[in-house]
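Visitor: with the sequence up front, the predicted model follows.
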Amino acid sequence: MSIDGAFEIVMTGPDDNPFLFSNDIVFGPDGSLWMTDSGVLETVWRPYRNGEGERPEIDGKVWKIDLAARKATVVDSDIAFANGIAYGPDGYLYANETLTGDIFRYDATKENPECEFFANAFPEVDLDDPRRGVDGMAFDDRGRLYVTVIGNGDVAVFEPDGSLVRRISLIDKLPTNVAFGQPGEKWIYVTGQERGQIEAYDVDADGMVLYG
């Protein structure tokens, strides 16, 4: 998409398995594009998310996309609203599942990577909110993963072994994405849906250098 608003549709997914809710993307070191498809049409998802109906059928997926060949391959499926995605310094791809708070990882160097459980970002107390979930993720340069937690209103920080080391409390209870500032700044920036604002917090690390 250009600055004047012009855009080009590059892919819509395979004819027999089209993208339903393209969500987050990240590039890997080999140039491949990885994408989460939340697995339900937005028009079907939104009423449920607003507490106005039963949970719809959801088949979230993680896709590996070869942009040169315009080819998309399913890496994982049957995810309860696939959402945040990030490439880690350990060579693994990380993706999360909004409705459960689970974070998974995949050995992206393998042709058919298996799904491994990494951590769960929900707090021990029950979040009595139909809008709860996990969303955006980002790694710092020390290999720690930052995950926004909707409903709990914080950013959960995990060590490389999956242990939770910190929760950064936010003003907005519905955080959506997190990103690091410029190198040397040691700040994170978090977008919030509830207030429509961006919050900034100082941390003790810079963001991991991104591929692509």
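Guide: Perfect, thanks for sending it.

Visitor: for the rest of this, base every contact and every neighbour count on C-alpha atoms.
Guide: Will do.

Visitor: for Asp30, see how far away Gly39 is.
Guide: According to CA to CA, to the nearest Å, Gly39 stands 26 Å off from Asp30.

Visitor: what's the answer for Asn50, then?
Guide: Taken as CA to CA, the span from Asn50 to Asp30 is 39 Å.

Visitor: ok, and the closest non-adjacent residue to the spatially most central residue of the chain?
Guide: Central residue of the chain (CA atoms, centre = their mean): Gly84, 0.5 Å from the mean position. Using CA to CA, 6 or more residues apart in numbering and skipping the chain neighbours, the partner closest in space to Gly84 is Gly136 (4.4 Å).

Visitor: correct me if wrong: that neighbour contacts Phe180.
Guide: No. Under the criterion of CA atoms under 8 Å, Gly136 is not in contact with Phe180, lying 12.0 Å apart.

Visitor: next SSE downstream of the lowest-mean-pLDDT helix or strand in the chain?
Guide: When each helix and strand of the chain is scored by mean pLDDT, DSSP states H and E, helix 42-49 comes last, with a mean of 88. Next along the chain after helix 42-49, taking DSSP states H and E as the criterion, comes strand 60-66.

Visitor: tell me the buried residues in stretch 171-189?
Guide: 172-180, 186-188 (16 or more other CA atoms under 10 Å).

Visitor: my bad, stretch 54-66
Guide: Buried residues in stretch 54-66, defined by neighbour count with 16+ other CA under 10 Å: 58-65.
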